[in-house]
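Peer 1: just to be clear, the model below is a prediction. Sequence and coordinates:
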Amino acid sequence: MDDVVTCPACHSETAPGARFCEACGHEINPGMPVAPVPDAVDTASPLDSVRVVPPAPACAACAACGGVVAEDGYCQTCGTPAVKPRDHFREQPTPWVAGVCDRGIRHHRNEDAMALAADAVPASRALLVVCDGVSSSTDSDRASLAAARASREVLTGSRPRGAGTVAARVAATARLLESAVDAANAAVIESTTVARGENPAACTWVAAVLDAELLVVGWVGDSRAYWLPDSGEATALTVDDSWAAEQIARGVPRREAEEGPQAHAITRWLGVDAPDPTPRHASRELDGPGWVLVCSDGLWNYCSEAEDLAALVRRCAAVRSPSLAPAGTASGVTAAEPDPEPDPVASPVADPLALAEELVAWANAQGGHDNITVALARVGSP
C-alpha cells in the first residue's frame, strides 16, 4: 500500500503518521525536540554524538517453543510474538559509558528508555538519562523514549561552568537540568494521544551529569541515581517521589515500605496531567574511582539499599566470564545469580556495557517483573 511507512532503522512497517517505530522505537517523523541517534560515530566525536550498539535482529525461530515466526511477527506454533529490537537495546557512546534497556520477563513491551552521551576522555563529562513509562498510561513506551532523547538534546547543548566554584557549577547544572526536564515534559505531552483524564502518556525521569569530579543529578519520579565507589560508602543520590518514600520518611522500615501494596505508586511524573514536573536535584564531589549508576525500578526493586547494590555491582564486575545474553533476557532466559565470593584472581570487568548486561541478567534472574534499565559511567581505573 502507498501509505505504508518503513522504519529506516529496522525496516519494520509502521502506521502512517507515527513518530516512532513500534518495533524498535526509532524516530520516524522528525518534529519533536529529540536528538537523532546515528548507528555509529567516531569515539572522538563531541559530546552530542552517541553510538548505539545495534541489537540482535529478531530471530526467525520462536524464543518460546522454537517454532517458525511468521511474517506477521507471531509464532505459527504457539502464537508467541517475536522478540522486538526495542525489547533489548544498548548504547555505548564511549568505552567508559554504556547502558542496557530490557523488557524484562513479565511485561509485554518495554516502556523504559535511556539516552546517553559522553566525551571520549574517560571520566571527563557524561550524561545519563533514564525514563520509565507509567504502565497504566497510554503510549508510555513512546513517551519515555521521546522524553529521554529530548532531555539529552538539551543537556548536550551546554556545558555550564558558572563562576568556576563548585557551588556555581552545581547551580548552573541544576538550571540546565530544569531546562532538560521541560523539554522532556513537552515531548511526553506531544506523545499524548488521549484526552486528559483518560490515562495520558506519563513517565518518570532521572538524569546524571558527570563533569570531571562533580556529579549532579535531577529527577522526577522513582528512577534512581547512585554513586558506588570502589571503596567507601555507597550513596543513593535520589529520593523517590513515591508513596513508599513518604512512608519511609515517616519512620516505616524501608523493606516494609518498598514491599507494600502501594510501594510503586509515584507522586510526581512527566505528562499532561503531571502535578509538578520541576526536578529535584542533588550533587556530590567524587574523590575516588567507582561507578555512577542510573537505573529504573526494574533493577533497584530487587536491590534497593546503596550498599547492597554496590556489593552486587562488585560481584558482577568480578565475574571472570560474564554470561551475557542480550536476546535471551528479553525472551525469558535468565542468568545465574553472581557468585557471592568471586575468584579473587579473576580480572574485574571494566567494560560498563558488559557490567550493565550482567546486572540486567541478574534482575531477570530474580523474576524480571518490570522493565529494566541500567546506565553506567566508570570513574577512575578499575
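Peer 2: Perfect, thanks for sending it.

Peer 1: quick check: pLDDT value at the residue nearest to W205 when sequence neighbours are not counted.
Peer 2: Among residues not flanking W205 along the chain, V220 sits closest, at 4.7 Å (C-beta to C-beta, 6 or more residues apart in numbering). (C-beta placed from N, C-alpha, C; glycine too.) V220 carries a pLDDT value of 98.

Peer 1: counting neighbours, what do you get for V220?
Peer 2: By other C-beta atoms under 10 Å, 28 other residues sit near V220.

Peer 1: so where's the stretch 201-350 of the chain uncertain?
Peer 2: 263-264, 320-350 (pLDDT under 70).

Peer 1: got the residue ranges for the helices in it?
Peer 2: 243-249, 254-258, 297-300, 306-317, 326-331 (DSSP state H, counting those that start in this stretch).

Peer 1: list the helices and strands the first one packs on?
Peer 2: By that I understand helix 243-249. Judged by 3 or more C-beta pairs under 8 Å, 6 or more residues apart in numbering; DSSP states H and E, the packing partners of helix 243-249 are helix 254-258.

Peer 1: report the backbone C-alpha coordinates of the helix it packs on in PDB.
Peer 2: Output in PDB follows, covering the C-alpha atoms of helix 254-258 (Å, rounded to 0.1, in the frame of the first residue of the first chain):
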ATOM      1  CA  ARG A 254      12.500   0.600  54.000                       C
ATOM      2  CA  ARG A 255      11.900  -3.000  53.300                       C
ATOM      3  CA  GLU A 256       8.300  -2.900  54.600                       C
ATOM      4  CA  ALA A 257       7.500   0.300  52.700                       C
ATOM      5  CA  GLU A 258       9.000  -0.900  49.400                       C
END
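
Peer 1: ok, R250 - how many residues close by?
Peer 2: 8.

Peer 1: gap between it and V292?
Peer 2: Distance, R250 to V292, using C-beta to C-beta, to the nearest Å: 30 Å.

Peer 1: got it, and L116?
Peer 2: Computed with C-beta to C-beta, the distance linking L116 and V292 is 11 Å.

Peer 1: intersection of neighbour lists for those two?
Peer 2: Jointly contacting L116 and V292 under the rule C-beta atoms under 8 Å, 6 or more residues apart in numbering are A126, L128.

Peer 1: walk me through the domains of this protein.
Peer 2: 1-31, 32-379 (automatic domain parsing).

Peer 1: what's the most buried one of those?
Peer 2: When those are scored by mean count of other C-beta atoms under 10 Å, the highest mean neighbour count falls to domain 32-379 (a mean of 20).

Peer 1: quick one: it to chain centroid distance?
Peer 2: Averaged C-alpha coordinates place domain 32-379 at 2 Å from its chain's average position (C-alpha atoms, centre = their mean, to the nearest Å).

Peer 1: end to end, how far does stretch 188-195 reach?
Peer 2: Length of stretch 188-195, first residue to last, C-alpha to C-alpha, to the nearest Å: 13 Å.

Peer 1: what lies in contact with that stretch?
Peer 2: By C-beta under 8 Å, 6+ apart, the residues outside stretch 188-195 that reach it are 19, 32, 138-139, 142-144, 146-147, 200-203, 270-272.

Peer 1: try 7 Å
Peer 2: 32, 138-139, 142-143, 146-147, 200-203, 270-272 (C-beta atoms under 7 Å, 6 or more residues apart in numbering).

Peer 1: turn those into JSON lines, including distance to G66.
Peer 2: Shown next, in JSON lines, are the contacts of stretch 188-195 (distance: C-beta to C-beta, whole Å):
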{"residue": "M32", "distance to G66": "40"}
{"residue": "T138", "distance to G66": "34"}
{"residue": "D139", "distance to G66": "33"}
{"residue": "R142", "distance to G66": "32"}
{"residue": "A143", "distance to G66": "35"}
{"residue": "A146", "distance to G66": "36"}
{"residue": "A147", "distance to G66": "37"}
{"residue": "P200", "distance to G66": "40"}
{"residue": "A201", "distance to G66": "36"}
{"residue": "A202", "distance to G66": "38"}
{"residue": "C203", "distance to G66": "35"}
{"residue": "L270", "distance to G66": "41"}
{"residue": "G271", "distance to G66": "41"}
{"residue": "V272", "distance to G66": "44"}
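
Peer 1: closest one to G288 out of those residues, please.
Peer 2: Distance to G288 across the contacts of stretch 188-195 (C-beta to C-beta) is lowest for A147, with 32.5 Å.

Peer 1: re earlier: out of the helices of the stretch 201-350 of the chain, which comes closest to V216?
Peer 2: helix 306-317 (17.7 Å).

Peer 1: for that closest one, packing partners?
Peer 2: strand 224-229, helix 352-365 (3 or more C-beta pairs under 7 Å, 6 or more residues apart in numbering; DSSP states H and E).

Peer 1: again, only this time at 8 Å
Peer 2: Where contact means 3+ C-beta pairs under 8 Å, 6+ apart, helix 306-317 is packed against strand 224-229, strand 290-295, helix 352-365.

Peer 1: how about the CA coordinates for it, as PDB?
Peer 2: The C-alpha coordinates for helix 306-317 follow below in PDB (Å, rounded to 0.1, in the frame of the first residue of the first chain):
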ATOM      1  CA  ALA A 306      23.000   1.600  48.100                       C
ATOM      2  CA  GLU A 307      25.400  -0.700  50.000                       C
ATOM      3  CA  ASP A 308      23.600  -3.800  48.800                       C
ATOM      4  CA  LEU A 309      23.700  -2.500  45.200                       C
ATOM      5  CA  ALA A 310      27.400  -1.700  45.500                       C
ATOM      6  CA  ALA A 311      28.100  -5.200  46.600                       C
ATOM      7  CA  LEU A 312      26.000  -6.600  43.700                       C
ATOM      8  CA  VAL A 313      28.000  -4.400  41.300                       C
ATOM      9  CA  ARG A 314      31.300  -5.700  42.700                       C
ATOM     10  CA  ARG A 315      30.200  -9.300  42.400                       C
ATOM     11  CA  CYS A 316      29.000  -8.800  38.800                       C
ATOM     12  CA  ALA A 317      32.200  -6.900  37.900                       C
END
